[in-house]
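# pasting the sequence and the predicted coordinates here, then a few questions.
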Amino acid sequence: ACLGPMPTEAEWTERGLDKYGLIAVNEDGNAAQVEKVSFATANSLLSTFGKIKEVGPSLGSFSLSAALLFALLEEYGAEIAKKEAKFDSDPHFWMPMTLSEESYVSVMGTKGVSKKEATAHFA
């Protein structure tokens, strides 16, 4: 990701940042990721994340170690075998891992996911 200062709302719109995931790094070096959100939603979600040092678009590419991949396959083996649903890496993996539960449930609500379902997935 190309990280820099948090853009203004006009820059956000001009750069089309609502069409990308957002990676934010706070002054403690902790990072959070959210999937395709508006400027207002990004600011709301990040309001509890501490002082934001840098932000940038997530380009959707990541690597996993073999150990993590096998752990995920074991954890979700039953769901994979059933092939009844799908998980997307941003909202179902990175976001619950990097956001607070309150922020995660809030942003998933804007995507039509019930509070009950988002809370259960976060856990």
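Yes, it's here. A quick note: this is a predicted structure, and the numbers were derived from the prediction, not measured.
# in this protein, which spans are helices?
Ranges of helices within the chain are 9-14, 39-46, 66-75, 77-82, 89, 95-98, 101-110, 115-122, based on DSSP state H.
# these: which one's closest to Leu22?
helix 39-46 (5.6 Å; Cβ to Cβ). All C-beta spots, glycine's among them, are computed from the backbone N, C-alpha and C.
# quick one: mean pLDDT for that closest one?
Across helix 39-46, pLDDT averages out at 86.
# how many neighbours does Glu35 have?
Residues near Glu35, counting by other Cβ atoms under 10 Å, number 19.
# likewise for the one 4 residues further on?
Applying the criterion other Cβ under 10 Å, we find 18 residues in the vicinity of Phe39.
# how about residues contacting the lowest-mean-pLDDT helix or strand in the chain?
Here the helix or strand of the chain ranked lowest by mean pLDDT, DSSP states H and E is helix 89, holding a mean of 80. Contact partners of helix 89, identified using Cβ atoms under 8 Å, 6 or more residues apart in numbering, comprise Phe62.
# show me what contacts Val105?
Here Val105 is in contact with 115, 118-119, 122 (criterion: Cβ under 8 Å, 6+ apart).
# nearest spatial neighbour of it, skipping sequence neighbours?
Excluding the flanking residues, the one nearest Val105 by Cβ to Cβ, 6 or more residues apart in numbering is Ala118, at 4.4 Å.
# how close does the one you found get to Met6?
Between Ala118 and Met6 the distance is 25 Å, computed by Cβ to Cβ, to the nearest Å.
# please say which of those two ends up with more neighbours.
The residue with more neighbours, out of Ala118 and Met6, is Ala118; 21 against 17, by other Cβ under 10 Å.
# which regions of the chain sit below the pLDDT cut-off?
Filtered on pLDDT under 70, the chain yields the residue ranges 1, 61.
# picking up where we left off before, contacting residues for the residue nearest to Val105?
104-105, 108-109.
# now do Val37
Contacts of Val37 by Cβ under 8 Å, 6+ apart are 18, 22, 45, 107, 110.
# what is the neighbour count of the nearest residue to the last one once chain neighbours are set aside?
The shortest distance from Thr110 to any residue that is not its chain neighbour, by Cβ to Cβ, 6+ apart, is 6.3 Å, and that residue is Thr41. The local packing count at Thr41 equals 17, with neighbours defined by other Cβ under 10 Å.
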